[in-house]
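> I'd like to go over a predicted model; first the sequence, then the structure.
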Amino acid sequence: MKHLLYLSVCLFCITTVYPSTDCVGKNHFAKTSSAAIDTTAEKMLLSQRISGGWPKQIDTKAYDYDNAWSTDFIKRVKAGFNAPDATIDNHATSREIRYLVKSFDKTQNKKYLDAAETGIRYLLKMQYANGGFPQFFPDTSGYRKHITYNDNAMLNALRVLQDVSESKNGFDKTDPELKKQSGLAVEKGISCILKTQIRINGKMTVWCAQHDHLTYLPAKARAYELPSFSAAESVDITRFLMEVKNPSDQVKEAVKGAVAWLSSATIIDFKTERIDAPSLPKGKDVVLVASPGSKIWGRFYDLETGKTFFCGRDGIKKTSLSEIEHERRIGYAYYGTWPEKLLTREFPAWLTVNK
């Protein structure tokens, strides 16, 4: 009933109070007879699912909370209220929770805090008993059920819960019971991260972008996302562990193991370049070129050989970027410099106080 009330209020505010508001890049507030209204927050209330979380897109496009919504668009958003497509992918749910908490602080409109707390309860509900988070909930079909580090999905959820537990970043007004539950959830999340860290001959390395929620083993997601050592995702997982206060010996060893692996995976004297390619779609291409002094990392490393590999929509491993179809070459990051700052600045600073 609370959700239905939110939707009714949202629909009224967006279509009646702000029939032609254009929110491009701005927050718009107005005073009603009872409380201040934030039109961006109103849209977030409208798009919140019955599960308490938020979807990441509508009609294959990300939700745009900044611009005005037409009456027809609002009807389509409202029609999805019961859909099971809430997710933590692409910053969905964590983004809305954080915005609503800040909006409550500015407007003191209680319904924004209520909606944020409902979102927090959604995060707590979707977490597995082992501490992991699926990519979607309640729809956990296919690879959506995997413990998902890809695009920092699980970390975004844990960081929200961490802020709730520590009353940081605007979460000091949330229900005290949520603080306790969130603290326990973060502890379970850290435990899951440690359990999923890949070990080779007893030696700790890094993580895959997703892991089986029962066996903890690296798992496949999309056709071009095979089980692997995943350099990109492992950087922020390592950072998250480095943020743990008074880390245990196990956490310290996990960080050191990950950093050692990332260091060993460095590709020296190469970089990627986006070049003009008039004969190809969109007139661009991405190539690997020699570059003395440069450092780069592959996104995926083979679990058996430790060498970089590449995979397109055919799901077949390739040994070079040039073998991947053009659409994926320019549309997916197979190389990057993700670990550079971690290795050169952040880890050395952390190590001075965490021997």
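Alright, I've got the coordinates.

> Asn354 - nearest residue in space that isn't next to it in sequence?
Leaving aside its sequence neighbours, Asn354 sits nearest to Lys252 (Cβ to Cβ, 6 or more residues apart in numbering; 5.6 Å). Yep, even glycine has a C-beta here, placed from its N, CA and C like the rest.

> Counting neighbours, what do you get for Leu214?
Leu214: 11 surrounding residues under other Cβ atoms under 10 Å.

> cool, the one 3 residues further on as well?
Residues within reach of Leu217, counting by other Cβ under 10 Å, total 12.

> Not counting residues beside it along the chain, what's closest to it?
Spatially, and ignoring its direct neighbours in sequence, Leu217 is nearest to His211 (6.3 Å; Cβ to Cβ, 6+ apart).

> unless I'm mixing things up, that neighbour is touching Gly132, no?
Yes. Between His211 and Gly132 there is a contact under Cβ atoms under 8 Å: 7.3 Å.

> Now list whatever residues contact both of the two.
Ile147, Thr196 (Cβ atoms under 8 Å, 6 or more residues apart in numbering).

> Where is the longest helix in the chain?
helix 176-196 (DSSP state H).

> Quick one: distance of it to the chain centre.
On the basis of Cα atoms, centre = their mean, to the nearest Å, helix 176-196 sits 17 Å off its chain's mean C-alpha point.

> Quick one: residues in contact with the helix or strand that comes right after it.
Counting by DSSP states H and E, the element after helix 176-196 in chain order, helix or strand, is strand 199-200. With Cβ under 8 Å, 6+ apart as the test, strand 199-200 has contacts from Thr205.

> Can you list the strands that strand 199-200 pairs with?
Strand 199-200 has the following strand partners under DSSP bridges: strand 203-204 (antiparallel).

> Could I get the average pLDDT for the strand it pairs with?
On average, the pLDDT along strand 203-204 is 96.

> tell me which strands and helices whatever helix or strand comes next after that strand is in contact with?
Note on strand 203-204: by DSSP H and E, the next helix or strand toward the C-terminus is strand 210-211. On a contact count with 3 or more Cβ pairs under 8 Å, 6 or more residues apart in numbering; DSSP states H and E, strand 210-211 meets strand 147-148.

> partner strands of the strand it packs on, parallel or antiparallel?
Under the rule (DSSP bridges), strand 147-148 has strand 210-211 (antiparallel) as partners.

> just how off-centre is the strand it pairs with within its chain?
With Cα atoms, centre = their mean, you get 14 Å for strand 210-211.
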